[in-house]
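Visitor: the following block contains a protein sequence and its predicted model.
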Amino acid sequence: MKNQRDLRRLPTVFLTVLTLLLAIALCWAAADIWLRGSLRRSADPAAVIYSVEAVRTWAIRILPVFLLWLLALAASCRAVSVPRPSEQVSRRRGECVPALPAVGRLRSALFALAVLLIVLGVLNGSLGDVLTKAVNLCTECIGLG
């Protein structure tokens, strides 16, 4: 019994480690992009600190860790799901019906839709728009750069 609980926690522990690695990699990427851009800007004041090429380079480097993180997230959600009885007795008719709540199906459908829309947004070039808006927010409003 205890070994089964330990095996169920394994995906969650793996997800935690991958989350920390992903956070470190993203912080490292942001610092590297900013430092390299600052060096370019010190040589040429008209240079851009946050270039699409620099972000793309780091995104490609981080992509395997991100994909592993997504797989670990899916495995962790499956392992941590609340155990429910295999059958639920309907009170009206007294018959047994499978217990798959509509909430779980709705949650899965929304998650799949969110992933699909993110992928479509990246493929149609919206990533560049979001990056440009983020750079403008940081450089104009907050005062970085």
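Guide: That came in fine, so what should we check first? Residues are numbered from 1 along each chain as shown.
Visitor: ok, now how distant is Ser133 from Arg41?
Guide: Actually, residue 133 is Lys rather than Ser. Per CB to CB, to the nearest Å, Lys133 is found 20 Å from Arg41. For the C-beta atoms, the positions are set from N, CA and C on the backbone; glycine is no exception.
Visitor: now Trp28
Guide: Taken as CB to CB, the span from Trp28 to Arg41 is 20 Å.
Visitor: strands of this structure, residue ranges please.
Guide: Using DSSP state E, the strands of the chain run over 87-89, 96-98.
Visitor: quick one, which of Lys133 and Arg41 is more surrounded?
Guide: Between Lys133 and Arg41, Arg41 has the larger neighbour count (other CB atoms under 10 Å), namely 14 against 10.
Visitor: can you count the residues close to the residue nearest to the more buried one when sequence neighbours are not counted?
Guide: Leaving aside its chain neighbours, Arg41 sits nearest to Ala47 (4.8 Å; criterion: CB to CB, 6 or more residues apart in numbering). Neighbourhood size, Ala47 [other CB under 10 Å]: 13.
Visitor: which ones are touching Ala47?
Guide: Ala47 makes contact with Gly37, Arg40, Arg41, according to CB atoms under 8 Å, 6 or more residues apart in numbering.
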